[in-house]
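[1] need coordinates for the below:
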Amino acid sequence: MTEHAYPVEVQPDFLEKITRAKPPQALAELIWNSLDADARNVSIRFGHNDLGRMSKIQVRDNGTGIVHDKAPELFRRLGGSWKRPGAHTNKENRFLHGQEGRGRFKAFALGSAAQWEVIYEKGGSLFSFDIFMSADRIREVRISSEAEAPEHSRIGVTLTIENLYPEAEALQGRSALQELTEIFALYLANYTSAEIEVDGNRLDLAQCVVSRESIALPDIVNDDQTYAAKLDIIEWKDATNRSLYLCNEDGLPLSRLERRFHIGSFQFSGYLKSNYVSSLQSKGTLDVAEMNPVIVQAADTAQEEIKKFFRRRSAEEAKSVVEQWKEQKIYPYRGEAMNPVEKIERQVFDIVAVSAAQYLPDFATTENKSRALHLRLLRSAIEKSPSELQLILGEVLRLPKRKQDELAGLLKDVSLSAIIGAARVVSDRLDFLVALEAILFDTGPKSRLKERTQLHRIVAKNAWIFGEEYNISVNDRSLTEVLRQHKKLLGEQVIVESPVKHISKERGIVDLVLSRTIRRHQAQSLSHLVVELKAPKVKIDRDEITQIEEYAISIQADARFKTEKRTDWTFWVISDDHGDYARHRMSQDPLHPGRIFKSDVSSIWVKTWAQVLEDNRSRLQFFQERLEYEADKGAALRKLQDQHAKLLQGVLDDPPQETADDVDELDDQTEIDPNENDFDEEDEETPVGP
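    As a prediction, this is how the structure comes out:
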């Protein structure tokens, strides 16, 4: 059998693809070619025609040039480049950037004709030759014969690009110069002998850098291999695209990630440095780095560190202004921050408030009372959400839309808003537990607290005490309404034509039904928690247990509650004292104290308020310890009274005395954030059905 060998052809469309790039990135590739040839000086000049339009681009270097005998192979070959990843230059021992011979084709992102004038040394003499390529015959390279170089010639390469595309004009702008500075910043910092000049402007870090920071990142682990990682942050004087570059371990940018940063007005570039990036380059997979979960995780970590860095910078800048506000007594916080959450919250407030104040020309001359109100409004908005902040910035302070978005963006940071929001939830819940304990167990409030009109409604507004996974589906409604909501949660649109019958009386009203959807291995199922609340002065005994059992029996007896999807029912009756009958029933299951009945799909429990409070404290303990937060009973009761004033009438006849600072704090809150949680009788729907 005869065998034939055929060369693999590189098609024009592939060559056209690798010529595509934005002008600054294309020019950067050409500069890298010069630096990889050990050039100490790379000079870019723009030529113009009689109409003043840019007509040519020259990239001149003093590198080692190209040996004539090797030129055909170097320009004909794609891939297998002599510039292997991780290698260094022969003369200056600098890290090589390029590979696979693609860089020279970026000339055709700028113009359609490219000519390289080469001068190199051979046998102690200098020789010159030219290389020419054009976009319309991109698979063809023309190389002249070599000749002795003219006297006073210098070794190096001069690339001239002509027939420029209109996009190349962008290279004359300030933004292109800034982008090139960002790309070569770490290289020029590491190799101080190298110089790059663009149209008479030297890329000089000393003139355009505000600050530079290096931060150690967690090691990158992949396939049981560990790679060191580091982040360099350079803050610029001029506007940038706020880019995050993927770099090798020496800081050479090999790729750029598109990331959004909400850090105020700071201009910066981030450089994620790791030998893992080098390994991706050597495998040829760096072009799809944004699809690599290992890189994505490392980039997320770098992004978070960048945000932390500039939050600290913002706080430093804001410090002096904030000190003036404190002296003028218009700062909306009292005393020192008591825990890490308050510190973070104040830090964010300082950044936003100082930035907003700097943008308002009349803020410094406005009377203190007005400025204090503006600052309190900002504090309230920050505590709530980005949308609240944007409303204040736009409608009250009347900042331009761009500035509104920039400042509100500070709270769109997921981790930051989550920290503040979650921490405030935890601290509010710890306060609520302390206040609830006081009205349940302190002698005075306990004796005056009414079960249905007070305790029930306060607890209904804080149903999280029964578990985060539950949502209230029925509140103080009939068993018939329980059926309706049960069917609704199952996705069944049914009309309940006849009421659910209670086994012993005409109508049964359930205090609370809380529901959750559970994902099991085969299908979703429902779990309901039915709660019968009793004030702590009510002793749970035969009557109370009979009441909760009859609810369970009535539901189980009605066939309409049955469904193909599994439904679990849990029934609680809660108070804090028990009679002999209740204690006997509660002791029947030693492994589950308080459980008085258990079947395959239902269980009935007698719970104490002390148990409920302790369970919640246990869930919150981890966060409490890390927030260093200790709820104050007096402050907690004042907060509860403020939130539920209508519901607590007559319960707290003598609320704890307030200090002057407390009064100021409450005045601030009520002026900005009117209570929206008061419970009116009209708010409660009329029960449906019997």
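
[2] what's whichever strand or helix holds L231 packed up against?
    Taking DSSP states H and E as the criterion, L231 maps to strand 225-236. In terms of contacts (3 or more C-beta pairs under 8 Å, 6 or more residues apart in numbering; DSSP states H and E), strand 225-236 is packed against helix 174-190, strand 209-222, strand 268-274, helix 275-283, helix 293-327. Bear in mind the C-beta positions are built from the backbone N, C-alpha and C, glycine included.

[3] could you export these as a markdown table, including mean neighbour count, distance to L30 and mean pLDDT?
    Supplementary listing: the helices and strands packed on strand 225-236 in a markdown table, determined by neighbours: other C-beta atoms under 10 Å; distance: least, C-beta to C-beta, whole Å; pLDDT from 0 to 100:
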| stretch | mean neighbour count | distance to L30 | mean pLDDT |
| --- | --- | --- | --- |
| helix 174-190 | 20 | 11 | 90 |
| strand 209-222 | 14 | 24 | 92 |
| strand 268-274 | 25 | 21 | 93 |
| helix 275-283 | 20 | 19 | 88 |
| helix 293-327 | 16 | 27 | 85 |
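
[4] using a markdown table, lay out those together with distance to S134.
    A markdown table is the format used below for the helices and strands packed on strand 225-236 (distance: least, C-beta to C-beta, whole Å):
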| stretch | distance to S134 |
| --- | --- |
| helix 174-190 | 25 |
| strand 209-222 | 40 |
| strand 268-274 | 35 |
| helix 275-283 | 30 |
| helix 293-327 | 38 |
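
[5] what's the closest of those to V157?
    The minimum distance between V157 and the helices and strands packed on strand 225-236 falls on helix 174-190, with 18.2 Å, by C-beta to C-beta.

[6] ok, then the element right after that closest one?
    Next along from helix 174-190, by DSSP H and E: strand 195-198.

[7] was I right about W116 contacting V141?
    No: at 9.8 Å, W116 does not count as touching V141 under the criterion of C-beta atoms under 8 Å.

[8] which neighbours do those two share?
    Shared contacts of W116 and V141 (C-beta atoms under 8 Å, 6 or more residues apart in numbering): I131, F132.

[9] looking at the two, which is more packed in?
    Counting neighbours by other C-beta atoms under 10 Å for W116 and for V141 shows that W116 has the greater number, 23 against 17.

[10] so what's the more buried one closest to, chain neighbours aside?
    I131 (4.2 Å; C-beta to C-beta, 6 or more residues apart in numbering).

[11] show me what the one you found is bridged to.
    Beta bridges link I131 to W116, I143, judged by DSSP bridges.

[12] if we can go back for a sec, just the C-alphas of the strand holding L231, formatted as PDB.
    This file holds the C-alpha atoms of strand 225-236, laid out as PDB (Å, rounded to 0.1, in the frame of the first residue of the first chain):
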ATOM      1  CA  GLN A 225      -0.700  20.400  42.800                       C
ATOM      2  CA  THR A 226      -0.200  23.600  44.800                       C
ATOM      3  CA  TYR A 227       0.600  26.900  43.100                       C
ATOM      4  CA  ALA A 228       1.600  30.100  44.900                       C
ATOM      5  CA  ALA A 229      -0.600  33.100  44.200                       C
ATOM      6  CA  LYS A 230      -0.100  36.800  44.800                       C
ATOM      7  CA  LEU A 231      -2.000  40.000  44.000                       C
ATOM      8  CA  ASP A 232      -0.400  43.300  43.000                       C
ATOM      9  CA  ILE A 233      -2.600  46.400  43.000                       C
ATOM     10  CA  ILE A 234      -1.500  49.600  41.300                       C
ATOM     11  CA  GLU A 235      -3.600  52.700  41.800                       C
ATOM     12  CA  TRP A 236      -3.400  55.100  38.900                       C
END
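
[13] now do whichever helix or strand comes after that strand: which elements does it pack against?
    Heading C-terminal from strand 225-236, the first helix or strand you meet, by DSSP H and E, is strand 244-247. The contact analysis (3+ C-beta pairs under 8 Å, 6+ apart) places strand 244-247 against helix 174-190, strand 253-257, strand 268-274, helix 293-327.

[14] let's go with 7 Å and repeat that
    Contacts defined by 3 or more C-beta pairs under 7 Å, 6 or more residues apart in numbering; DSSP states H and E place strand 244-247 against strand 253-257, strand 268-274, helix 293-327.

[15] want to try CSV for these, with distance to L180 as columns?
    As requested, those are arranged in CSV below (distance: least, C-beta to C-beta, whole Å):
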stretch, distance to L180
strand 253-257, 11
strand 268-274, 12
helix 293-327, 21
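
[16] just to revisit the earlier point, what's the neighbour count on the residue nearest to W116?
    22.

[17] cool, S380 as well?
    For S380, the neighbour count with other C-beta under 10 Å is 18.

[18] so what's it scoring on pLDDT?
    For S380, the pLDDT comes out at 77.

[19] for it, pull up the helix or strand it's in.
    helix 368-384.

[20] what is that helix packed up against?
    Short answer (3+ C-beta pairs under 7 Å, 6+ apart): helix 368-384 packs on helix 340-359, helix 386-391, helix 660-672.

[21] in it, what's buried?
    Within helix 368-384, the residues that count as buried by 16 or more other C-beta atoms under 10 Å are 371-384.

[22] for the residues you listed, which one is nearest D577?
    Of these, the one sitting nearest to D577 (C-beta to C-beta) turns out to be E383, at 39.4 Å.

[23] contacting residues around T240?
    Taking C-beta atoms under 7 Å, 6 or more residues apart in numbering, we find T240 in contact with Q178, E182, Q267, F268, S269.

[24] any idea how far R60 lies from K461?
    To K461, R60 is 75 Å away according to C-beta to C-beta, to the nearest Å.

[25] more crowded one of those two?
    R60 (19 against 15).

[26] SS state for the more buried one?
    Following DSSP: H, G, I helix; E, B strand; the rest coil, we place R60 in the strand state.

[27] walk me through the domains of this protein.
    Split into domains by automatic domain parsing, the chain comes to 12-178, 204-306, 328-412, 449-611.

[28] CSV for those, including distance to I439?
    Converted to CSV, these look like this (distance: least, C-beta to C-beta, whole Å):
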stretch, distance to I439
domain 12-178, 62
domain 204-306, 42
domain 328-412, 25
domain 449-611, 6
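
[29] what's the closest of the ones you listed to L186?
    Of all these, it is domain 204-306 that lies closest to L186, at 3.4 Å by C-beta to C-beta.

[30] distance between the ends of that closest one?
    23 Å (C-alpha to C-alpha, to the nearest Å).

[31] burial count for the residue lying closest to K122 once chain neighbours are set aside?
    If you skip the residues right next to it in sequence, K122 has V67 as its closest partner in space, 7.2 Å away by C-beta to C-beta, 6+ apart. Residues near V67, counting by other C-beta under 10 Å, number 14.

[32] circling back to that earlier point, quick one: closest of the helices and strands packed on strand 244-247 to P218.
    P218 lies closest, by C-beta to C-beta, to one member of the helices and strands packed on strand 244-247: helix 293-327, at 6.4 Å.

[33] that closest one - contacts with which helices or strands?
    Partner elements for helix 293-327 (3+ C-beta pairs under 7 Å, 6+ apart): strand 209-222, strand 225-236, strand 244-247, strand 268-274, helix 340-359.

[34] any idea how far the shortest one is from the chain center?
    Taking the mean of its C-alpha atoms, strand 244-247 sits 19 Å from the chain's own mean (C-alpha atoms, centre = their mean, to the nearest Å).

[35] okay, now the sheet partners of that strand, with direction.
    The strands beside strand 244-247 in its sheet (DSSP bridges) come out as strand 253-257 (antiparallel), strand 268-274 (parallel).

[36] pLDDT below threshold where in the stretch 1-150 of the chain?
    Within the stretch 1-150 of the chain, the ranges that satisfy pLDDT under 70 run 1-18, 77-86, 98-102.
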